[in-house]
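Peer 1: Any chance you could fold what I've pasted below:
(one chain, ligands or ions: 2)
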Amino acid sequence: ALAIEARDLRRTYRTRTGWLNPRRVEIDAVRGVDLDVRRGELFGLLGPNGAGKTTTIKMLNTLLIPSSGSARVCGFDVVSQTREVRRRIGYVFGGDRGLYDRLSALDNLRYFAELYGVPAARQKRRIGELLELVGLTGRERERVEGYSRGMRQRLHIARGLLHEPEVLFLDEPSIGVDPVAARELRNTVAGLAATGTTVLLTTHYMAEAEELCDRIAVIAGGEIQALGTADELKHHA
Ligand code: ADP
Ligand code: ADP
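Peer 2: Ligands and ions are numbered 1, 2, ... in the order given. The predicted structure follows:
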């Protein structure tokens with residue numbers, strides 16, 4: 001059973017460039033991507049800045065409509081069945097927005113659990129499990145404004161998991177965090193994968209992909225350049 005299947009996904013951005021002589025340009029951000037991610041797999045999309053990682057993720061999580069091609073997540077079409085898809089996925093991106101700094105981590109999670117419609121009877125246990133998973137147990141009553149970058153990122157991950165998604169999209173989770181925090185983040189992601197959640201992770205760090213991912217797709221210029229386990233990729237490099 002496949003958690004994610006993408007066939008010949010493409011996305012072109014039409015934009016303008018130049019100030020004195022503005023002209024229209026088309027950027028082929030993603031140029032024919034095929035992906036098969038198995039259920040329970042921790043799959044890495046590895047590539048440099050501008051490779052098309054975020055664009056690919058946004059087409060899979062229904063935030064961006066593909067220019068052509070198709071994709072299914074948990075068996076549902078990302079264009080015609082967005083509600084079915086959204087109910088089953090979580091999305092955490094590298095930026096740090098959307099947490100309430102003046103509230104504690106616990107109150108943030110309570111708020112979002114309510115917002116996401118997590119049944120009241122399940123909230124307490126779910127939040128407790130997630131705090132444990134992301135290593136914030138014991139710190140949950142502190143205000144988020146005092147949190148380090150890495151702690152905040154782990155709280156974002158907890159938030160993205162409140163509704164028990166089958167698939168979590170993690171876009172550059174370790175960007176801007178220090179090495180110790182990045183290690184804690186990797187532990188969190190590994191722990192998450194151990195619970196059976198399918199994870200699609202993007203990163204531009206080979207070492208991170210190698211350590212965490214069951215399989216890795218290398219993307220550059222909007223195309224998949226290679227795909228396999230870290231070992232397979234090394235032997236073909
Ligand atoms: P990555 O996540 O690997 O850094 P992106 O998917 O963000 O790559 O970007 C792929 C290419 O598409 C880049 O050239 C980027 O500048 C361009 N791009 C991304 N988003 C937009 C947009 N909204 N409008 C125009 N170009 C974009
Ligand atoms: P990331 O760090 O994930 O690659 P970026 O910082 O490149 O994201 O992009 C931030 C936002 O700006 C995204 O919504 C992206 O789609 C958009 N964007 C990226 N590149 C361009 C571009 N060349 N023109 C317009 N928008 C862009």
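Peer 1: Get me the contact residues on the chain for ligand 1.
Peer 2: Residues of the chain lying close to ligand 1 by Cβ under 6 Å from any ligand atom are Y13, T15, I27, A29, G47, N49, G50, A51, G52, K53, T54, T55. Using the backbone N, CA and C atoms, a C-beta is placed for each residue, glycine as well.
Peer 1: Name only those of those residues that count as buried.
Peer 2: Buried residues within the residues of the chain next to ligand 1, counting neighbours by 16 or more other Cβ atoms under 10 Å: A29, G47, A51, G52, K53, T54, T55.
Peer 1: Could you verify that I27 is part of a strand?
Peer 2: Yes - under DSSP: H, G, I helix; E, B strand; the rest coil, I27 sits within a strand.
Peer 1: quick revisit: hmm, which of the residues of the chain next to ligand 1 is lowest in pLDDT?
Peer 2: Among these, T15 carries the lowest pLDDT, at 88.
Peer 1: So that residue lies in a helix, does it not?
Peer 2: No - judged by three-state DSSP, T15 forms no part of a helix; its state is strand.
Peer 1: now the spatially closest residue to it that is not a sequence neighbour: how far from D77?
Peer 2: Closest residue in space to T15, ignoring its immediate chain neighbours: V25 at 6.0 Å, by Cβ to Cβ, 6 or more residues apart in numbering. Distance from V25 to D77, counting by Cβ to Cβ, to the nearest Å: 30 Å.
Peer 1: would you list every one of the helices in this protein?
Peer 2: For the chain, helices defined by DSSP state H occupy the ranges 53-60, 82-88, 105-115, 120-133, 149-161, 179-194, 206-212, 230-236.
Peer 1: can you list these in JSON lines and add distance to R141?
Peer 2: Formatted as JSON lines, the helices of the chain follow (distance: least, Cβ to Cβ, whole Å):
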{"stretch": "helix 53-60", "distance to R141": "33"}
{"stretch": "helix 82-88", "distance to R141": "31"}
{"stretch": "helix 105-115", "distance to R141": "6"}
{"stretch": "helix 120-133", "distance to R141": "11"}
{"stretch": "helix 149-161", "distance to R141": "13"}
{"stretch": "helix 179-194", "distance to R141": "19"}
{"stretch": "helix 206-212", "distance to R141": "30"}
{"stretch": "helix 230-236", "distance to R141": "39"}
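Peer 1: circling back: counting neighbours, go ahead and name the busier of V25 and D77.
Peer 2: Comparing V25 with D77 by other Cβ atoms under 10 Å, the one with more neighbours is D77, at 14 against 11.
Peer 1: Pretty sure that one sits against S70.
Peer 2: Yes - between D77 and S70 there is a contact under Cβ atoms under 8 Å: 6.8 Å.
Peer 1: List the residue ranges of the chain that fall below the pLDDT cut-off.
Peer 2: 237 (pLDDT under 70).
Peer 1: let's see it at 90
Peer 2: Scanning the chain for pLDDT under 90 picks out the ranges 1, 15-22, 93-98, 174-178, 234-237.
Peer 1: Now do the same contact list for the residue positioned nearest the centre of the chain.
Peer 2: In the chain, the centroid-proximal residue (Cα atoms, centre = their mean) is L170; its distance is 1.7 Å. Counting by Cβ atoms under 8 Å, 6 or more residues apart in numbering, L170 touches V92, I157, V189, V199, L200, L201, T202.
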